[in-house]
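Engineer: Give me the fold of what follows.
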Amino acid sequence: MDARKRSILQVLTEDYILSAEPVGSRTLARKYNLGISPATIRNEMADLEDWGFLEQPHTSAGRVPSDKGYRFYVDELMARPAIGHDLLERIRATYQSRIRELEWFVHQTARLVSDITGYPSIVLAPSWELGIFSALRFVRLGPDQALLIMRTEDGLTQNRTVSIPSELSLAQLNELALEFSREFSGMAIRDLQNYILDPLSTSLKQHWSLWKSALGWLARDGSDEERMTLAGPLNILNYPEFNDIEKVRRVLGFLEQDKAVEQMAQTHPMTGGVTVLIGTETSVADIQDCSVVTATYQMGERIVGQVMVVGPRRMQYAYVMTVLEVVSDELSQALRWA
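Structural biologist: Residues are numbered from 1 along each chain as shown. Below you'll find the model as predicted:
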């Protein structure tokens with residue numbers, strides 16, 4: 001694509017992102033100093049349409065970018081802005097709280113990203129089932145109940161109230177927990193469900209029901225059922241593309257389905273950095289009028305989760321990508337010290 005067509009595609013795309021109105025040749029000639037006549041612009045736009053970069057919604061209307069046009073814009077034409085000092089300080093302040101629990105970080109991140117970008121946001125927490133078991137301990141709640149706290153090597157924790165033999169002291173319980181941790185430390189949590197507790201030490205065999213409950217919870221009840229956090233779903237109504245109630249119903253329906261979101265995420269594996277899926281690239285019929293921008297975050301050196309923004313195809317890509325890049329970096333740093 002020559003320089004003139006690139007310039008026309010760039011300014012047309014940016015004008016449409018701001019206005020949500022199809023862009024004509026006269027608009028481009030009037031608003032932008034392209035150095036060519038409306039007739040020349042019109043001919044260039046016709047070529048771009050023939051090549052699949054532009055679409056014409058109605059016969060008498062101007063043009064809008066196609067999925068191919070947006071992709072070329074994001075990959076080749078878009079300038080990435082630096083993030084402002086005030087916004088950077090706002091993001092950093094979010095992760096300086098004394099609260100150091102993963103669940104809190106995930107919920108705060110979803111709210112922060114939605115508030116800053118003006119689009120719905122989704123945060124996928126690290127997968128519990130894919131974690132590596134590290135240790136467990138007990139906190140006594142009563143004569144025959146205790147809080148069982150389990151931890152992965154990445155630092156994730158889950159807890160559950162369990163029944164315990166009344167004759168066991170807290171010291172005895174935690175001695176058993178230490179023995180259990182030595183036995184199973186380093187094993188993938190998803191592999192524990194069918195693990196046979198034999199041969200184990202005499203003390204663990206003696207309290208078979210307690211460990212059976214623990215193993216069952218590790219692989220089942222402590223699973224990923226609440227892995228997704230959604231914030232600002234109704235922000236989608238702020239964009240004229242979604243004045244169609246049926247279109248809104250489909251998008252909101254998708255956003256509220258944890259499994260559908262996770263399936264889309266699994267279709268496009270986490271590879272680090274910020275990625276953009278435009279329209280049909282999402283492979284999800286209900287959101288083919290949307291784009292999804294995704295950033296990954298880490299615990300230590302391992303990528304463990306994703307932060308997503310869902311918006312119209314004329315999303316402000318440069319701004320959203322910059323915000324997600326900063327947020328993912330700050331979240332990863334916070335989790336490193338959590």
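Engineer: List the residues that contact Ser166.
Structural biologist: 143-144 (Cβ atoms under 8 Å, 6 or more residues apart in numbering). Heads up, the C-betas are built off the backbone N, CA and C, glycines and all.
Engineer: Determine how far the last residue of stretch 70-85 lies from the first.
Structural biologist: 29 Å (Cα to Cα, to the nearest Å).
Engineer: ok now it, how far from the chain's centre?
Structural biologist: How far stretch 70-85 lies from its chain's middle: 20 Å, per Cα atoms, centre = their mean, to the nearest Å.
Engineer: partners of the helix or strand harbouring Val64 in the sheet?
Structural biologist: Assigned by DSSP states H and E, Val64 belongs to strand 64-65. The pairing partners recorded for strand 64-65 under DSSP bridges are strand 54-55 (antiparallel).
Engineer: Let me know the average pLDDT across the strand it pairs with.
Structural biologist: Averaged across strand 54-55, the pLDDT comes to 95.
Engineer: ok, and what's touching that strand?
Structural biologist: 9, 12, 45, 48-49, 63-66, 69.
Engineer: most surrounded residue in those residues?
Structural biologist: Of all these, Leu12 has the most neighbours under the rule other Cβ atoms under 10 Å, reaching 29 neighbours.
Engineer: Moving C-terminal from the strand holding Val64, which element do we reach first?
Structural biologist: helix 67-72.
Engineer: who does that following helix touch, helix- and strand-wise?
Structural biologist: helix 3-19, strand 274-278 (3 or more Cβ pairs under 8 Å, 6 or more residues apart in numbering; DSSP states H and E).
Engineer: Report all helices and strands that the shortest one contacts.
Structural biologist: So that's strand 274-278. Under the contact definition 3+ Cβ pairs under 8 Å, 6+ apart, strand 274-278 sits against helix 67-72, strand 290-299, helix 317-336.
Engineer: Pull up the pairing partners for the second one, direction included.
Structural biologist: Pointing back at strand 290-299 there. By DSSP bridges, strand 290-299 pairs with strand 274-278 (antiparallel), strand 302-312 (antiparallel).
Engineer: out of those, deepest packed?
Structural biologist: Most buried of the strands paired with strand 290-299, by mean neighbour count (mean count of other Cβ atoms under 10 Å): strand 302-312, with a mean of 23.
Engineer: distance between that strand and the chain's centre?
Structural biologist: 2 Å.
Engineer: relative orientation of it and helix 317-336 in degrees?
Structural biologist: 150 degrees (axes from the mean of the first three to the mean of the last three Cα atoms, to 10 degrees).
Engineer: Show me what the nearest residue to Gly272 once chain neighbours are set aside bridges to in the sheet.
Structural biologist: Nearest residue to Gly272, sequence neighbours excluded (Cβ to Cβ, 6 or more residues apart in numbering): Thr296, at 5.6 Å. Beta bridges link Thr296 to Gln306 when assigned by DSSP bridges.
Engineer: residue ranges of the helices in the stretch 151-300 of the chain, please?
Structural biologist: With DSSP state H, counting those that start in this stretch as the criterion, the stretch 151-300 of the chain has helices at 170-184, 202-206, 208-216, 245-255, 258-267.
Engineer: rewinding a little: now the contacts of strand 54-55 in CSV, with pLDDT?
Structural biologist: CSV is the format used below for the contacts of strand 54-55 (pLDDT from 0 to 100):
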residue, pLDDT
Leu9, 97
Leu12, 97
Met45, 96
Leu48, 97
Glu49, 96
Arg63, 94
Val64, 96
Pro65, 97
Ser66, 96
Gly69, 97
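Engineer: what two of those have the greatest distance between them?
Structural biologist: The largest distance within those, taken as Cβ to Cβ, falls between Met45 and Ser66 and amounts to 12.4 Å.
Engineer: Output the below-cut-off pLDDT ranges for the chain.
Structural biologist: Applying pLDDT under 70 to the chain picks out residues 98-100, 130, 155, 193-209, 211-226, 270, 337-338.
Engineer: Please parse it into its domains.
Structural biologist: With domains defined by automatic domain parsing, the chain comprises 3-77, 85-126+227-336, 133-221.
Engineer: For the strand holding Val64, what is the distance to the chain centroid?
Structural biologist: 27 Å.
Engineer: Then stretch 235-250?
Structural biologist: 21 Å.
Engineer: Start and end of it, how far apart?
Structural biologist: Termini of stretch 235-250 sit 15 Å apart (Cα to Cα).
Engineer: so how far is Asp75 from Met1?
Structural biologist: 12 Å (Cβ to Cβ, to the nearest Å).
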